[in-house]
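J.: okay, sequence plus prediction incoming.
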Amino acid sequence: MYDFKAFAAELRSSDCDVITDAPMREHTTFRAGGSAPVIVMPKTLEALQKTAEKIRKNGLGFIVIGNGSNILVKDSGIDKIVIKTTSLNNEINVDGDKISCTAGTSLAKLCMAAYENSLSGLEFAYGIPGTVGGAVYMNAGAYGGEIKDVLCASYHISPGCSIEKFSGEKLMLSYRKSFYSLNDGYIIIKGEFKLARGNKEEIKAKMDDFISRRKDKQPLEYPSAGSTFKRPEGHFAGALIEQCGLKGFSVGGAEVSEKHAGFIINKNNGSAADILALIDYVKKTVKEKTGVDLEPEVKIIP
C-alpha cells in the first residue's frame with residue numbers, strides 16, 4: 001500500500017497546506033462521503049505545478065476540486081490525491097473588457113469584480129456556489145446564461161505537466177460539458193472572460209434578481225449539489241420528478257426537496273449511499289412513468 005503520509009510530509013514543505021485522512025463530507029456541499037488519503041491545497045500556481053509533477057512521478061491518481069459543489073464521494077472514500085484549488089492566490093485581473101482569475105476563485109467574487117468594473121455578462125453566475133475551475137469544467141449555467149457565452153480562454157496544467165492555453169473550439173463547450181469533463185488528467189488553473197461594458201445599476205439589479213429567485217425557489221438551507229439532474233431535451237427534470245409525485249420522497253437522510261423537485265438534499269445527516277439510492281429511485285420512477293431518462297449532473301466519485 002502506498003505511503004500517503006510520507007507523500008503528504010514532502011508536500012508540506014512546498015508552499016502547500018495538506019490534510020491527511022480527510023473526510024470529504026467537510027469539503028463538499030453535499031456534506032456526505034468517505035475520506036481521501038490526502039488533500040493538497042497549493043498556495044501558488046508554481047506549487048500546484050510541482051504538486052502535479054510529484055503526483056505523476058509517483059504514479060498516483062488525483063482529482064481536482066474547488067468548493068466541492070457538484071460532486072458526491074462514495075462512503076467508501078477515494079484512493080486518490082485530492083487537489084483543492086481554493087487556497088490559490090485568487091487575485092482578479094481586469095484589462096478593458098476582459099477579466100481573468102485563478103481556478104479556485106469563487107464565482108460570487110468574480111461576478112462582484114465584474115460588477116465593480118461595469119462589466120456585464122456574468123450576472124447569471126452570481127449565486128452559483130462553485131469556483132471558476134468547476135464552472136469551466138462543466139460549462140456551468142443558469143437563467144439562460146452559460147460559461148461558454150463569456151469564456152474566451154482557459155489555462156491548464158497538461159498530463160505532461162506543462163502549462164497550456166485553450167480557446168475557441170478547443171474548449172469543446174456544450175451543455176454541462178467541456179474538453180476537461182471529456183478528457184482526464186488536466187488541471188484547470190485560470191479562466192479568462194470577455195464581457196461587455198454595461199451600466200452598474202442594471203448589472204446589480206440583474207444579480208439581485210437572480211439571487212432573489214434562488215432564495216425563493218431553491219432549498220439553499222440544506223446541503224445539496226445544486227440541480228441533481230441535467231435538463232433532458234424538451235423537458236425540465238424538476239417538473240418531471242414533481243409530476244411523478246416524488247416531492248418529499250426520502251431514502252435515509254436524503255430527500256427530494258419539497259421546495260424544488262430538481263434538488264436532492266441531505267436533509268438529515270444522510271450518507272452518500274442514501275443519496276445514491278435516492279438518485280437511482282428517482283431515475284427509475286421517472287423512466288417508468290414518463291419514458292424520459294434522467295442523467296445526473298452531479299459527478300459521482302469514484
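T.: Arrived safely.
J.: can we go C-alpha only for contacts and neighbour counts from here?
T.: Will do.
J.: right, and Lys217 touches Lys259 too?
T.: Yes: using Cα atoms under 8 Å, Lys217 is in contact with Lys259, at 6.4 Å.
J.: so which of these two has more stuff around it?
T.: Remark: of Lys217 and Lys259, Lys259 carries more neighbours, 14 against 10, as counted by other Cα atoms under 10 Å.
J.: using the three-state scheme, assign that one.
T.: Following DSSP: H, G, I helix; E, B strand; the rest coil, we place Lys259 in the coil state.
J.: that one contacts Tyr222, doesn't it?
T.: No: at 11.0 Å, Lys259 does not count as touching Tyr222 under the criterion of Cα under 8 Å.
J.: the domain parsing of this protein - what is it?
T.: The chain breaks down into these domains under automatic domain parsing: 4-87, 93-217, 237-301.
J.: dump those to JSON lines, plus distance to Ser227 and mean pLDDT.
T.: Conversion of these to JSON lines gives the following (distance: least, Cα to Cα, whole Å; pLDDT from 0 to 100):
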{"stretch": "domain 4-87", "distance to Ser227": "9", "mean pLDDT": "92"}
{"stretch": "domain 93-217", "distance to Ser227": "10", "mean pLDDT": "96"}
{"stretch": "domain 237-301", "distance to Ser227": "5", "mean pLDDT": "97"}
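J.: and the ones you listed as JSON lines, adding distance to Arg231?
T.: Below are the domains of the chain laid out as JSON lines (distance: least, Cα to Cα, whole Å):
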{"stretch": "domain 4-87", "distance to Arg231": "15"}
{"stretch": "domain 93-217", "distance to Arg231": "9"}
{"stretch": "domain 237-301", "distance to Arg231": "6"}
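J.: out of the ones you listed, flag the one nearest Gly226.
T.: domain 237-301 (6.2 Å; Cα to Cα).
J.: that closest one: end-to-end distance?
T.: Using Cα to Cα, to the nearest Å, one end of domain 237-301 lies 22 Å from the other.
J.: rewinding a little: so what sits against both of Lys217 and Lys259?
T.: Residues touching both Lys217 and Lys259 (Cα atoms under 8 Å, 6 or more residues apart in numbering): there are none.
J.: give me the neighbour count for Ala239.
T.: For Ala239, using other Cα under 10 Å, the count is 12.
J.: assign a three-state SS to it, would you?
T.: helix.
J.: and it, what is it in contact with?
T.: Residues counted as contacts of Ala239 (Cα under 8 Å, 6+ apart) are 261-262.
J.: ok, it to Met138 distance?
T.: Counting by Cα to Cα, the gap from Ala239 to Met138 is 23 Å.
J.: once you drop chain neighbours, what's closest to His27?
T.: Among residues not flanking His27 along the chain, Gly68 sits closest, at 6.0 Å (Cα to Cα, 6 or more residues apart in numbering).
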